[in-house]
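[1] show me the folded form of this:
(one chain, ligands or ions: 1)
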Amino acid sequence: MGSNAKGRTVMEVGADGVALITIINPPVNSLSFDVLNSLKESYDQALRRDDVKAIVVTGAKGKFSGGFDISAFGGIQGGQKGGVKAEQSRPGYVSVEILSDTVEASKKPSVAAIDGLALGGGLEVAMACHARLSTPTAQLGLPELQLGIIPGFGGTQRLPRLVGLTKALEMMLTSKPVKGEEAFALGLVDAIVSPSELVSTARRWALDILECRRPRVASLYKTDKLEPLGEAKEILKFARAQARKQAPNLKHPLVCIDVIEEGIISGPRTGLWKEAEAFQGLLLSDTCKSLVHFFFAQRGTTKVPGVTDLGLVPRRVRKVAIIGGGLMGSGIATALILSNYPVILKEVNEKFLQAGIGRVRANLQSQVKKGRMTQEKFEKTSSLLKGVLDYEGFKDVDMVIEAVIEKVSLKQQIFADLEKCCPPHCILASNTSTIDLSLIGERTKSQDRIIGAHFFSPAHVMPLLEIVRTNQTSPQVIVDLLDIGKKIKKTPVVVGNCTGFAVNRMFFPYTQSANLLAEHGANVYQIDNAITKFGMPMGPFRLVDLVGFGVGVATSMEFVQSFPERTYKSMIVPLMLEDGRAGESTRKGFYVYDDKRKAKPNPEVQNYVEKAREITGASIDPKLSKLSEKDIVEMIFFPVVNEACRVLDEGIAVKAADLDVAAVMGMGFPPYRGGIIFWADSLGSKYIYSRLEEWSKIYGEFYKPCAYLAERAAKGAPLDRNNGDSWLSNGEINHD
Ligand SMILES: C[C@H](O)CC(=O)SCCNC(=O)CCNC(=O)[C@H](O)C(C)(C)COP(=O)(O)OP(=O)(O)OC[C@H]1O[C@@H](n2cnc3c(N)ncnc32)[C@H](O)[C@@H]1OP(=O)(O)O
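    Residues are numbered from 1 along each chain as shown. A predicted model of the protein is given here:
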């Protein structure tokens, strides 16, 4: 194998006659074509050698395998990231030639020794072995669907035969792995072994199979776990209905079900071929390209030039203080104690303090109710939280997160106090969502320790953490917060300091354009409907109802002040608010809500739209009442793209992919469209520019394309500067 090979396997033959084949491809032992070819070579050698009686497959450094090498997808998709040899892109090359006809068909028994993770192709290799041993904590799963593909190395055929159809469908359709213990209970693995004894036990197990002391099972031909045909068809029918309901825009879950069905009806070998063909087709789909982009974009957010490349090591954070026990403060405290950080929560009086602690306990209690936490763990986790009314306990905290109301003078006072009461190394973070951080720290000399830790509500649930740095924030503090973000299982995105940072700046035009369209004659409910169909969790009007009109108006004011030239000053929400219609909390907003929070269109809305029109002087454009769904989507999202371009151009976001992650995790933009900039680039900067230009002539400055968008469009270049050579710029993505 060439010296620039991407991973390999090594084989060692012991005196016991067992060949140990180890997959080596750090960091997760992914299955590149080099690894797969080397696995085949090792097997061929083991089968040829007379001194080899049995085989054990394992992964180096406590990780079996994280699956097929996702970075090789680009090559297969015909991009520029490395060519692919003909046999490698041939359907069935791995699943049939290597795994079925070599590993599973071999006369010498194979045992998989699984530690750490066996995901996707990794688990598929293990399932082709004649037995599997796992450590109790290893993660085993087929998460391919979250990449827009289906398992392609035999997983659709072998998993149902090992664990039954219902569980196999659940594991594939949700992409959720199971731990070793559960895998054992399901029959996916044959025994649980401690990491230190894993390989030695697997060696003995392989020899036991050879000597017929243990069964030798070819999973592909197992039938005892499969439900009878009639029942299986019912289960598949139900799964199809669920998939259509939960992900109406996605085809690959249905393809996965079809492939499984084929194997059940026509036999596993036919199923394997159908799987190989479907896998190959899905690899080329827009959904897969978008989801793979998103996979790498998510991992790329922790790579910040000039910060994470300086060799800084995150400092240990032993104790955190939170100021303010409201909705945000209690959510942040919950997230921290759930990851074992001791937290002190400070409030101004006993009543507020008890309410804050009560909120945290309620957050944890809901985990207990859902069966996700034991009562014992609840007690242990709750004990990490301590309530205080003064700064006494702040002497030894390593980080403070301020989460009080959005009032500049109050925050300034708090930060001045913190500077006096906390140790000099302490990170001083604010959870502000809009206020300029330099202003918050104006009365301190600790500008280098001040940073934004912007969580999204509910903070213990929402996965995004916007880390806001000022020009003075030290790289060390950013590295520390990135590390904490990872530990509390958030995806951090590092952004610059400005009104609204990245997420709220993108959110602003989302609701603004909806209001503009409504005032000019578009139907509120058609807009929400089209946007939901596009894949957002809710339309802009339903969102404003949820957030509350009070908050909506206050945030608007911040934007009006900061960006007056591009704010559309709609009067619909202020007028409704004046009449006590404040959204879902008052059960009346753009929708009316019943006791079960079910939303129905509010018949009063039209009156408010007309009143608003009288004040703003907006004239009805008959075209807007007949907008197609595509037009609605573009008129709502192109202003968002425009703002994202400004955020990028101003350097608030380091790279376009960070905005993709921010849009998906902070706004609910559908991940299968790759994120806001990725989606925009799939349509082309020229097209977006021309449409915005056209609308700005009719409806004003709000739609005016920014300089960055104009420049990229003039060059015919993608908005993501890093995507200059990708398949995207060739307009290869289809939109039907
Ligand atoms: C034919 C087959 O059926 C098709 C397949 O197998 S498709 C692949 C199926 N496997 C997956 O989907 C697993 C994807 N990976 C993951 O979920 C997670 O990375 C993990 C659980 C393995 C590890 O998580 P974690 O410890 O948090 O580390 P994480 O930062 O995500 O990954 C570490 C590095 O490994 C890389 N990596 C992880 N899985 C990879 C894979 N399958 N291929 C290539 N690179 C991979 C990541 O990109 C990251 O690289 P970086 O350090 O350069 O950013």
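
[2] pLDDT weak spots in this structure?
    The chain contains residues with pLDDT under 70 at 1-3, 76-91, 724-736.

[3] what's the domain layout of it?
    As given by automatic domain parsing, the domain ranges for the chain are 8-284, 320-497, 504-730.

[4] okay, how far is it across the first one, tip to tip?
    When you say that, I think you mean domain 8-284. End-to-end distance for domain 8-284: 26 Å, by C-alpha to C-alpha, to the nearest Å.

[5] tell me how far it is from the chain's mean position?
    Distance, stretch centre to chain centre, for domain 8-284: 24 Å (C-alpha atoms, centre = their mean, to the nearest Å).

[6] right, is it up against the ligand?
    Yes - contact between domain 8-284 and the ligand, assessed by C-beta under 6 Å from any ligand atom, occurs at 27-28, 30, 66-71, 117, 119-121, 124, 143-144, 147, 151-153, 155. Any C-beta I mention is one placed from the backbone N, CA and C, and that applies to glycine too.

[7] out of these, list just those in strands.
    Members of those lying in strands (criterion: DSSP state E): 117, 119.

[8] can you tell me the closest non-neighbouring residue to the residue of the chain found nearest the ligand?
    Here the chain gets closest to the ligand at one residue, Gly120, 2.5 Å apart by C-beta to the nearest ligand atom. With C-beta to C-beta, 6 or more residues apart in numbering as the measure, Gly67 is the residue that lies nearest to Gly120, at 2.7 Å, once sequence neighbours are left out.

[9] what's around that neighbour, how many residues?
    27 (other C-beta atoms under 10 Å).

[10] now do the contacts for it.
    Residues counted as contacts of Gly67 (C-beta atoms under 8 Å, 6 or more residues apart in numbering) are 30-31, 119-124, 143-144.

[11] those residues: which two are farthest apart?
    Leu31 and Pro143 (14.0 Å; C-beta to C-beta).

[12] between these two, who's got more neighbours?
    Legend: neighbour count by other C-beta under 10 Å for Leu31 and Pro143, higher for Leu31 (26 against 19).

[13] so the more buried one makes contact with Leu119?
    No - assessed by C-beta atoms under 8 Å, Leu31 is found out of contact with Leu119, at 10.3 Å.

[14] which neighbours do these two have in common?
    Counting by C-beta under 8 Å, 6+ apart, the contacts common to Leu31 and Leu119 are 65, 67.

[15] hang on, isn't Leu410 packed against Val404?
    Yes - judged on C-beta under 8 Å, Leu410 makes contact with Val404 at a distance of 5.9 Å.

[16] what about those two, which has more around it?
    More crowded of Leu410 and Val404, by other C-beta under 10 Å: Val404, with 21 against 14.

[17] does the more buried one belong to a helix, a strand or coil?
    Secondary structure state of Val404, per DSSP: H, G, I helix; E, B strand; the rest coil, is coil.

[18] what distance do you get for it to Cys426?
    Per C-beta to C-beta, to the nearest Å, Val404 is found 18 Å from Cys426.

[19] and Leu140, how far is that from Gly67?
    Leu140 is 11 Å from Gly67, by C-beta to C-beta.

[20] any shared contact partners between those two?
    Common contact partners of Leu140 and Gly67 (C-beta under 8 Å, 6+ apart): 119, 123.

[21] strands of the stretch 251-400 of the chain, residue ranges please.
    Remark: strands assigned in the stretch 251-400 of the chain by DSSP state E, counting those that start in this stretch are 320-323, 343-346, 385-388, 399-402.

[22] I'd like those written out as JSON lines, with mean neighbour count and distance to Gly263 added.
    Output for the strands of the stretch 251-400 of the chain, formatted as JSON lines (neighbours: other C-beta atoms under 10 Å; distance: least, C-beta to C-beta, whole Å):
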{"stretch": "strand 320-323", "mean neighbour count": "26", "distance to Gly263": "51"}
{"stretch": "strand 343-346", "mean neighbour count": "24", "distance to Gly263": "51"}
{"stretch": "strand 385-388", "mean neighbour count": "18", "distance to Gly263": "51"}
{"stretch": "strand 399-402", "mean neighbour count": "26", "distance to Gly263": "52"}
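
[23] coming back round to it: just the buried ones from the residues of domain 8-284 next to the ligand?
    Buried members of the residues of domain 8-284 next to the ligand, scored by 16 or more other C-beta atoms under 10 Å, are 28, 30, 66-70, 117, 119-121, 124, 143-144, 147, 151-153, 155.

[24] helices - which of these land there?
    Judged by DSSP state H, the subset of these located in helices is 121, 124, 155.

[25] JSON lines for the residues you listed, including distance to Val573?
    Listed next are those as JSON lines, based on distance: C-beta to C-beta, whole Å:
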{"residue": "Gly121", "distance to Val573": "51"}
{"residue": "Glu124", "distance to Val573": "52"}
{"residue": "Gly155", "distance to Val573": "50"}
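
[26] which one of these is nearest Pro718?
    Checking these against Pro718 with C-beta to C-beta, the nearest one is Gly121 at 30.8 Å.

[27] what's the closest one in contact with, if anything?
    Residues in contact with Gly121 (C-beta under 8 Å, 6+ apart) are 31, 65, 67-68, 94, 151-153.

[28] can we see that at 10 Å?
    Neighbouring residues of Gly121 by C-beta atoms under 10 Å, 6 or more residues apart in numbering: 30-31, 35-36, 65-69, 94-95, 99, 142, 144, 151-155.

[29] how about Ile257?
    Contacts for Ile257 were tallied using C-beta under 10 Å, 6+ apart; they are 150, 156, 169, 172-173, 235-237, 239-240, 242-243.

[30] one more time with 7 Å
    By C-beta atoms under 7 Å, 6 or more residues apart in numbering, the contact list for Ile257 reads 236, 239-240, 243.

[31] that older thread, can you put the contacts of Gly67 in CSV and add distance to Gly300?
    Formatted as CSV, the contacts of Gly67 follow (distance: C-beta to C-beta, whole Å):
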residue, distance to Gly300
Ser30, 17
Leu31, 22
Leu119, 20
Gly120, 20
Gly121, 23
Gly122, 23
Leu123, 26
Glu124, 27
Pro143, 19
Glu144, 21
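
[32] nearest to Ser266 among these?
    Of the contacts of Gly67, the one sitting nearest to Ser266 (C-beta to C-beta) turns out to be Glu124, at 20.2 Å.

[33] the closest one is in contact with Gly154, isn't it?
    Yes - at 5.3 Å, Glu124 counts as touching Gly154 under the criterion of C-beta atoms under 7 Å.

[34] can I get the strands of the stretch 251-400 of the chain in a markdown table including distance to Glu701?
    Shown next, in a markdown table, are these (distance: least, C-beta to C-beta, whole Å):
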| stretch | distance to Glu701 |
| --- | --- |
| strand 320-323 | 40 |
| strand 343-346 | 44 |
| strand 385-388 | 49 |
| strand 399-402 | 36 |
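
[35] export those to a markdown table and tack on distance to the ligand?
    Output for the strands of the stretch 251-400 of the chain, formatted as a markdown table (distance: least, C-beta to the nearest ligand atom, whole Å):
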| stretch | distance to the ligand |
| --- | --- |
| strand 320-323 | 22 |
| strand 343-346 | 24 |
| strand 385-388 | 27 |
| strand 399-402 | 22 |
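
[36] list the contacts for the residue lying closest to Ala710 once chain neighbours are set aside?
    The shortest distance from Ala710 to any non-neighbouring residue, by C-beta to C-beta, 6+ apart, is to Tyr689 (6.2 Å). Each residue near Tyr689 by C-beta under 7 Å, 6+ apart is listed here: 705, 709-710, 713.

[37] what helices or strands is the one helix or strand Glu558 maps to leaning on?
    Glu558 is part of helix 549-562 when elements are defined by DSSP states H and E. Applying 3 or more C-beta pairs under 7 Å, 6 or more residues apart in numbering; DSSP states H and E, one finds that helix 549-562 contacts helix 572-578.

[38] apply 10 Å and report the result again.
    Applying 3 or more C-beta pairs under 10 Å, 6 or more residues apart in numbering; DSSP states H and E, we find helix 549-562 packed against helix 503-519, helix 540-547, helix 572-578.

[39] what angle do the second one and helix 503-519 make?
    Read it as helix 540-547. With axes from the mean of the first three to the mean of the last three C-alpha atoms, to 10 degrees applied, the angle from helix 540-547 to helix 503-519 works out at 120 degrees.
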